[in-house]
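> Please find the sequence and the predicted model below.
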Amino acid sequence: MAQLSKNFSLKEMTKSSTAIRCGIDNTKPDKQQLINLTHLAINILQPVRDEFGSTTVNSGFRCLELNREIRSSDSSQHVKGEAGDIECKAVDNLVLAIWIRDNLDFDQVILEGYDGVDPASGWIHASYRNDGQNRNICLTATFPKGKATYVTGLPE
């Protein structure tokens, strides 16, 4: 099993119940995608795990076919291997997003589907670019009527 960092494997970053259900092979990122996944694991996921313990990757790498199946944009950083949607059982998702913002270099941190009431609501989309061009953008996404609406920043 290929390890991307101390606690994150390639298998974990490519698993997808949607891919399995639809017969899509999501297990073979190309060389650049694999490099990007490794940098994501080392620079974002592993530090989160070291700080907060158990960290679940809800969605990591998505091949283009899988990404289209879930109706995401072809330009999604998940397709490039640069993004993961994560949660940590031990911490409020807003606290997790703020910790990443304040402690790590990143491209985007998006607090998605967080309702402000249930600390386990939603998830964190965290991305990392390996080209030295991380933008450190923070956004909050809500889903009125099922379509994502983004606002700049995190609720404080």
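Looks like it came in fine.
> In contact with the closest residue to I42 other than its chain neighbours, which residues are there?
Spatial nearest neighbour of I42, chain neighbours left out: S5 (4.9 Å); criterion: C-beta to C-beta, 6 or more residues apart in numbering. Backbone N, C-alpha and C define where each C-beta goes, glycine included. Applying C-beta atoms under 8 Å, 6 or more residues apart in numbering, we find S5 in contact with T38, A41, I42, L45, Q46.
> next one: I98
I98 touches L154, E156, counting by C-beta under 8 Å, 6+ apart.
> Would you mind naming the helix or strand containing it?
helix 93-103 (DSSP states H and E).
> For that helix, list every residue counted as buried.
The neighbour-count check on helix 93-103 (16 or more other C-beta atoms under 10 Å) flags N93, L94, L96, A97, I98, W99, I100, R101 as buried.
> what does stretch 50-57 give?
So stretch 50-57, judged by 16+ other C-beta under 10 Å, has buried residues E51, F52, T55, V57.
> Give me the contact list for it.
7-8, 12-13, 15, 45, 48-49, 84-91, 96, 99, 103.
> Of those residues, grab the buried ones for ChimeraX.
To isolate the buried members of those in ChimeraX, using 16+ other C-beta under 10 Å:
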select :8,12,13,15,45,48,49,84,85,86,87,88,91,96,99
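> In strands only, show me the contacts of stretch 50-57.
With DSSP state E as the criterion, strands contain G84, D85, I86, E87, C88 from among the contacts of stretch 50-57.
> Closest to I110 out of those?
Distance to I110, by C-beta to C-beta, is smallest for D85 among these, at 8.9 Å.
> Give the burial count for the nearest residue to N67 once chain neighbours are set aside, as a bare number.
Of all residues not flanking N67 in the chain, V79 sits nearest, at 5.1 Å (C-beta to C-beta, 6+ apart). Using other C-beta atoms under 10 Å, V79 has 21 neighbouring residues.
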